[in-house]
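>>> Let me see the structure of the following:
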Amino acid sequence: MSVKYNVKKYLGAAVLLGLLITGCKKIEEGFLSDGLYIPDTPIKVQRGNAFQKTSAILADGTTQPMTVKLLDIRRIDNKKHADEFFKEYPVYVYTAAVDPATDTTIELVNKKRELKKLQPFVFLTSGQFVFNGATDSLPLGIDYEYDIEVSNVAGSKVYKNIGMLTTIDPPLVTEMTTGCNFFPDDGSATVPMGAASMTVTRVSESGASVILKITDKDGKPFNPKKGEIIKRGDRPIFENYARFHPIEYTDTAMICNFEIAPFPLSRYSSGGTNWNYLMYYRIPSSFLSVDKNLTSKIGSVNPLFAFRLMKAGVYVVELRLPKTIKTTP
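This is a model prediction of the structure:
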């Protein structure tokens, strides 16, 4: 047997042995990326929002299915565990939509809701947060960071500080609209007065009340108890939107316990007309005078306005009429 033949024989055996060894070696399955990330970080947690769901984690090619576990949430300012996210708070859970047109009493409303104690969030295996109304009990304007663990066929990996959360309030008031006209008592043409000035001040986070004041240009309130503020025909007024509790009338204001935010809960429609959130009032001529540069006639001032409060709380809403001075009959 030649040397050349022996070399070929031994080389062939070595190659075969290498192939056998390679064939027995375990092939690693799957891929778990270091580049997972949260697309909407920092996540803005809207306090009091009954349902807020964040975006899913972007997997960066990680083999599916993958399971995400929340490990911790910490305050960024002190790096301590955020106990407030893991406590339970009382919050109403609604089993059906409330319709102000038919659910006109608290007894009817309570048939559609249940007071429960909930954590402010549920964390899904997709890596998404689902926040609920209990977020209203979280402190405002605080930044947080959180850690997760991701597992799939390739194993598991911890991702520190993968995302950030920050607590915010949604806009407290929307739909702000005002207008004002002068109606002469002699029936002559209406005189436009321009927009009234509206201020909305949240004086407490607890409760659910509106203290509505209509005042002259200097801030002197008209008295709804003495007929200084009256409705205009069949047009909607404050009480058309306050369905669950009666309006309280004082010497300076109309007060409504609106119970459920947002307020008004829905637009008002009547007689085939959608009034949106508008309210119409008249201040009779016997309780006011107007700027003589506007008109020398005697008449009433007729404001219209709208506002919508997006969160619970106690609010003072003042509508200040332009070019109008309160007088005593």
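
>>> Paired strands for the helix or strand hosting S156, with orientation please.
Per DSSP states H and E: S156 is located in strand 155-168. Sheet pairing here is set by DSSP bridges, and for strand 155-168 it gives strand 43-46 (parallel), strand 143-152 (antiparallel).

>>> In CSV, list those along with mean neighbour count and mean pLDDT.
C-beta: built from backbone N, CA, C; applies to glycine. What follows is these, written out as CSV (neighbours: other Cβ atoms under 10 Å; pLDDT from 0 to 100):
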stretch, mean neighbour count, mean pLDDT
strand 43-46, 18, 97
strand 143-152, 18, 98
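
>>> could the ones you listed go into a markdown table alongside distance to A306?
As requested, these are exported to a markdown table (distance: least, Cβ to Cβ, whole Å):
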| stretch | distance to A306 |
| --- | --- |
| strand 43-46 | 23 |
| strand 143-152 | 35 |
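
>>> Outline the domain layout of this structure.
The chain breaks down by automatic domain parsing into domains covering 43-168, 173-326.

>>> so how far is the strand holding S156 from its chain's centroid?
24 Å (Cα atoms, centre = their mean, to the nearest Å).

>>> now swap in stretch 136-147 and tell me
Remark: stretch 136-147 is offset 16 Å from the chain centroid, using Cα atoms, centre = their mean.

>>> Check stretch 113-128 too.
With Cα atoms, centre = their mean, you get 16 Å for stretch 113-128.

>>> The residue lying closest to H245 once chain neighbours are set aside bridge partners, please.
Distance criterion Cβ to Cβ, 6 or more residues apart in numbering; nearest residue to H245, sequence neighbours excluded, is N257 at 4.2 Å. For N257, the beta-bridge partners are S209 (DSSP bridges).

>>> Turn the domains of the chain into JSON lines, including distance to Y37.
Formatted as JSON lines, the domains of the chain follow (distance: least, Cβ to Cβ, whole Å):
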{"stretch": "domain 43-168", "distance to Y37": "6"}
{"stretch": "domain 173-326", "distance to Y37": "31"}
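
>>> Any idea which of these gets closest to L36?
Evaluated with Cβ to Cβ, the domains of the chain place domain 43-168 nearest to L36, the distance being 5.6 Å.

>>> closest to L172 out of the strands paired with strand 155-168?
Closest among those, once you apply Cβ to Cβ, is strand 43-46, at 11.6 Å.

>>> Report the next helix or strand after the closest one in sequence order.
Following strand 43-46 in sequence order, the next helix or strand is strand 52-53 (DSSP H and E).

>>> Give me every residue in contact with that next one, excluding its own residues.
V45, Q46, Q128, F129, V130, F131, N132, T135 (Cβ atoms under 8 Å, 6 or more residues apart in numbering).

>>> Stretch 148-165 now?
28-32, 34, 36-38, 41-43, 45, 57, 62-71, 73, 76, 127, 129, 143-147.

>>> Out of these, which end up buried?
32, 36, 38, 41, 43, 45, 57, 62, 66, 68, 70, 73, 127, 129, 144-147 (16 or more other Cβ atoms under 10 Å).

>>> pLDDT weak spots in the stretch 201-329 of the chain?
Low-confidence segments of the stretch 201-329 of the chain, defined by pLDDT under 70, are absent.

>>> can you give me the helices for the chain?
Assigned by DSSP state H, the chain shows helices spanning 3-24, 106-110, 238-241.

>>> re the thing from before, how about the contacts of strand 52-53 in TSV, adding distance to Y89?
Formatted as TSV, the contacts of strand 52-53 follow (distance: Cβ to Cβ, whole Å):
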residue	distance to Y89
V45	14
Q46	15
Q128	21
F129	16
V130	15
F131	12
N132	10
T135	9
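
>>> what about the nearest residue to I142 once chain neighbours are set aside, distance to A312?
Nearest residue to I142, sequence neighbours excluded (Cβ to Cβ, 6+ apart): T167, at 5.3 Å. Computed as Cβ to Cβ, to the nearest Å, the T167 to A312 distance reads 16 Å.

>>> Check V153 too.
Separation of V153 from A312 (Cβ to Cβ): 47 Å.

>>> Can you tell me the number of residues neighbouring the nearest residue to R320 once chain neighbours are set aside?
Once flanking residues are discounted, R320 sits nearest to S197: 4.2 Å by Cβ to Cβ, 6+ apart. By other Cβ atoms under 10 Å, 15 other residues sit near S197.

>>> residues in contact with S197?
Contacts of S197 (Cβ under 8 Å, 6+ apart): T178, L319, R320, P322.
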